Every structure is written in structure tokens, then in C-alpha cells.
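In: Quick one: sequence plus predicted model below, questions after.
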Amino acid sequence: MSATAVRISREPRPDTPAPERERRRRRGTRPARERAFWPFLLPALVLYSALFVVPALYGAWVSLHRWAGPGAEMSWRGLRNYTSLLQNEAFLSSFRNTLVLAVGGGAAVFAVTFLAMTVLRQAKGRAFIRSVVFLPMIISAIAVGAAIGFLLNPDGAVNDLLGAVGIEGLPWLGPDLVFRCVIAGLVWSSTGFYIALMMSAVDAIPPHLYEDAHLGGATTWQQFRHITLPLTWDVFSVAAVLWVVNSLKVFEIVLAFTTGGTPGSPPLEARTVAVQQYVTVSGGNTVPDLGQGAAMGVFVVLVTAVLIVLIRRVTRRDRVELS
């Protein structure tokens, strides 16, 4: 054997088609960090599948059965769990409440957020104000709901204050007002997060744009419409998706607000889908039905996916970049 080492060429043969030669060339020059992609990603994929994908698939399987829980026999129902939801007045009422919360509450949250974006941009002490409005977000939703429930109780502080000025107290926890109070409490506790998120995008806008607009005679509203909103639109799109996802699974604040931490089911007028799902799987005054509860969960996931796609399409626009 020759002392000279034999080198095997990795170059493709001359008669190899051009696309194949280009593919082999790119594969041979792939950086080492790209070849190490899968070994680093695989543990995260396995963990995600074990903790999220597999339970989600199992929940979809349970939604096709009647099941009272561990120890009980599981019987096949097929799609009847889903069709029965359309005839379940409690579920339909909770679904309507959830949509009202998502749309009406979202409109209120972003109206306050846009106002704050206009006011806080030049306000003195805006960092402190941002911290104050964000504070309710770090408080437990159960604590917020319980506190609001105690304040709005017929014998609570709000009615006592109204009585002190000669105004008759209102039935805040009555069927006509209870869900509006839930929405108001959720808006109060959630708006600070969206203000902080949107203001982080406002801080990245160069100040000279506002100075030029001010010298040109633009009003505050015109500055917001033509400068602030276009340059923060991508963040607003993400914030809108986050609000929809969070609003469709509201649970703790409703439970604490309507029951005050005592045993019992929230009234039908105040229930969201998540609360109705909890009542269904916990049994309430009936036998637990985990199959129908799982069907509610699958239904909400599908509605969430549809709403996210719609929001992304509605908020899609060309990216505004500064030259």
C-alpha cells in the first residue's frame, strides 16, 4: 500500500444533476451548530409531548366517552357529548358570557391601554405610574375576586358609601349586574399588564418623530394615530392574541367573586365556560361527567384557534420601519 494516504473525494460526479449537486454541497458545508440542533431540541420535544401533547390527546379521547372519574366505568358516546352541548342551556349561557367577556372586556382593556399610551408617554413619574397600574396583575386572581365580592356585597363598603351620600345601594351581585361586575374586576386587574407591554413598544419610538409632528401642528390624537399606533402595531397584535387566550379561560376571579370562598356553585348568570366545565367535572349537585367536561375543553380550544387566526388576519399589515 502506498505511503501516501488515499483521499476519497466528496465532490459529486460530473453527470450528477445540478439541483442534486447543490443539495449535496449545502449538506457538506452545513455549520456544526446546525448539525447539533436536534440533540438540543429533542429533550424539550419529549418533555413537551409528555406534559402537554399526550394529556391533550387523552382529553380528546375522554371527550368521546361518558366517564364519572377514576374507578368508574368509561362508556363510549362518540360525538354525542359535543351535540349535547348545543342543547345544554347552562353551557350556552356560559359560552355567551365568555364571548361577551372576550369582546367587551377586550374593548375596555385596550381603550384604557391606548389612553395610557397617549398620556404616559410624556407624563412625569411615568415609571412609577406604570408600576402602580401593573400591581393588580401580580395579585392572585382569587384574592382580587374575593375582595371585589366583599366590597360589592349588599352590606359591603360600596353600598355603605352610597347610603352615606343618600343613594340607595344597588344589587351588585344580582343576576342583572353580577357579570358586569366580573368584567369590571377583570379589566381592572388585567389592564396593567397590557399597558406595560404596549408602553415597552412606545419607549422604542424615537422622540424626534413626536417633536417633528408637534412642530408640524399635529394634535395628540394625530400623533397617536400616525406615529404611536403604526409603530406599535406588531406588539398590539400579540397583545390581542394574549387577551383572547386569557379571556377564554377565566375561572378563579369568577369563582372567588360569586362564592366569596365559601362552598357552592357560581350562579348561572356569572359563569364562563371554564367555570361551567369545573361545575360539570366536579359534579355540583349531579354526578360528575368528565366526558362532557373534556368536550367543553376541546370546544374552547377550537374556538380559541379560530379566533386567533381571525385576529392575526385582521391585524395583519405591512411592517412600518424607520429609515
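Out: Sure, I can see it. Residues are numbered from 1 along each chain as shown.
In: buried residues in stretch 129-137?
Out: For stretch 129-137, burial by neighbour count (16 or more other Cβ atoms under 10 Å) applies to 129, 130, 133, 134, 136, 137. Glycine gets a C-beta too; all of them are placed from N, C-alpha and C.
In: Please state the offset of that stretch from the chain centre?
Out: Mean C-alpha position of stretch 129-137 versus that of the full chain (Cα atoms, centre = their mean, to the nearest Å) differs by 19 Å.
In: before we move on, back to that, need the buried residues of stretch 129-137 in TSV with secondary structure and distance to residue 187, can you?
Out: Shown next, in TSV, are these (DSSP: H, G, I helix; E, B strand; the rest coil; distance: Cβ to Cβ, whole Å):
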residue	secondary structure	distance to residue 187
129	helix	18
130	helix	17
133	helix	12
134	helix	14
136	helix	10
137	helix	12
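In: Tell me the one among the residues you listed nearest to residue 164.
Out: Distances from residue 164 to the buried residues of stretch 129-137, taken as Cβ to Cβ, are shortest for residue 136 (26.0 Å).
In: quick check: mean pLDDT across stretch 190-204?
Out: Mean per-residue pLDDT for stretch 190-204: 93.
In: Report the buried residues of it.
Out: Buried residues in stretch 190-204, counted by 16+ other Cβ under 10 Å: 190, 191, 192, 193, 194, 195, 196, 197, 198, 199, 201, 202.
In: What of stretch 160-167?
Out: Applying 16+ other Cβ under 10 Å to stretch 160-167 flags no residue as buried.
In: Outside of it itself, list whatever touches it.
Out: 168, 169, 170 (Cβ atoms under 8 Å, 6 or more residues apart in numbering).
In: Buried subset of those residues as a ChimeraX selection?
Out: Here is the ChimeraX selection string for the buried members of the contacts of stretch 160-167, based on 16+ other Cβ under 10 Å:
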select :169
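In: quick one: the host helix or strand of residue 107 to chain centroid distance?
Out: Element membership for residue 107, per DSSP states H and E: helix 106-120. Computed by Cα atoms, centre = their mean, the separation of helix 106-120 from the middle of its chain amounts to 18 Å.
In: contacting residues around it?
Out: The contact list for helix 106-120 (Cβ under 8 Å, 6+ apart) reads 126, 129-130, 133, 183, 187, 190-191, 194-195, 198-199, 202, 220-221, 224, 228-229, 232, 236, 239-240, 243-244, 247.
In: quick one: the helices in the stretch 201-323 of the chain?
Out: Counting by DSSP state H, counting those that start in this stretch, the stretch 201-323 of the chain has helices at residues 207-215, 220-223, 229-231, 233-247, 252-259, 273-282, 290-314.
In: any chance of the ones you listed in CSV, with distance to residue 146, mean neighbour count and mean pLDDT too?
Out: CSV is the format used below for these (distance: least, Cβ to Cβ, whole Å; neighbours: other Cβ atoms under 10 Å; pLDDT from 0 to 100):
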stretch, distance to residue 146, mean neighbour count, mean pLDDT
helix 207-215, 43, 12, 91
helix 220-223, 39, 14, 92
helix 229-231, 37, 17, 93
helix 233-247, 20, 17, 95
helix 252-259, 4, 23, 86
helix 273-282, 15, 22, 91
helix 290-314, 25, 17, 94
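In: Turn those helices into TSV, including distance to residue 67.
Out: Output for these, formatted as TSV (distance: least, Cβ to Cβ, whole Å):
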stretch	distance to residue 67
helix 207-215	59
helix 220-223	56
helix 229-231	49
helix 233-247	27
helix 252-259	24
helix 273-282	10
helix 290-314	5
